[in-house]
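>>> Give the three-dimensional model of this entry:
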Amino acid sequence: MPKTTLIIVDIQNDYFDGGDWPLHQMERVSTNAAGLLANAREKDNLVVHIRHENDSPEAPFFRPGTVGAEIHASVAPKAGEVVLTKARANSFHDTGLLGLLHEAGIEAVTICGAMSQMCIDATARAAADYGFQVTVVEDACGAKEMAFGSVEVNAEQVHAAFMAPLAMGYAKVATTADLLS
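Numbers count the residues shown, from 1 in each chain. Okay, the predicted model is just below:
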């Protein structure tokens, strides 16, 4: 079995009800991510927490130094777990994540978090491009409704529109139950 790490991407307070950029069913997403986190800790797998901070204090969410930019309590890091801060969608960009995974001898990554259409997609594709075996846990990922021109797309459709191509060419797309059974 390949040496695996769990990468939890951007499960931060602003994505929850009452935050500045709430996502669809984020409580369910974080509950599933918490189950994956407990399992990874039990197996003594490397856990990497990724948090996003927008560079500008005028950003609509994840502003530096705000409660909204903090990792949500449901998946809070324990002492000794890696926390990396990023400023772009791709969790590998300027974070040291690639070197960390190589140094730890990691061959496979399991990815969960938010948003499906941004940071999960970018991180999963980058991980595959770097040669890792990638699993995306779709029910532990959250999406937001989007619009393009006159087309409005609900969060479930956005999520599916990103999971389908990931499953087609970049990752195994699984559910929390699949991985924990």
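>>> Just give me how far the helix or strand containing Ala167 sits from the chain centre.
Counting by DSSP states H and E, the secondary-structure element that holds Ala167 is helix 155-169. For helix 155-169, the distance between its averaged C-alpha position and the chain's averaged C-alpha position is 14 Å (Cα atoms, centre = their mean, to the nearest Å).
>>> Tell me the helices and strands packed up against it.
Taking 3 or more Cβ pairs under 8 Å, 6 or more residues apart in numbering; DSSP states H and E as the contact definition, the neighbouring helices and strands of helix 155-169 are helix 121-129, strand 133-142, strand 172-174. Just so you know, the C-beta spots here come from the backbone N, C-alpha and C atoms, and that holds for glycine as well.
>>> Give me the pLDDT for the residue lying farthest from the centre of the chain.
For the chain, the C-alpha farthest from the mean C-alpha position belongs to Ser150; by Cα atoms, centre = their mean, that distance is 28.7 Å. In the predicted model, Ser150 carries a pLDDT score of 97.
>>> measure it to Val137 for me?
Noted for Ser150: a distance of 33 Å to Val137, by Cβ to Cβ, to the nearest Å.
>>> Likewise for Cys119?
14 Å.
>>> Neighbour count: these two, which is higher?
Between Cys119 and Val137, counted using other Cβ atoms under 10 Å, Val137 has the larger neighbour count: 27 against 22.
>>> Give the full set of residues in contact with that one.
Residues counted as contacts of Val137 (Cβ atoms under 8 Å, 6 or more residues apart in numbering) are Asn32, Ala33, Leu36, Thr110, Ile111, Cys112, Ala174, Thr175, Thr176, Leu179.
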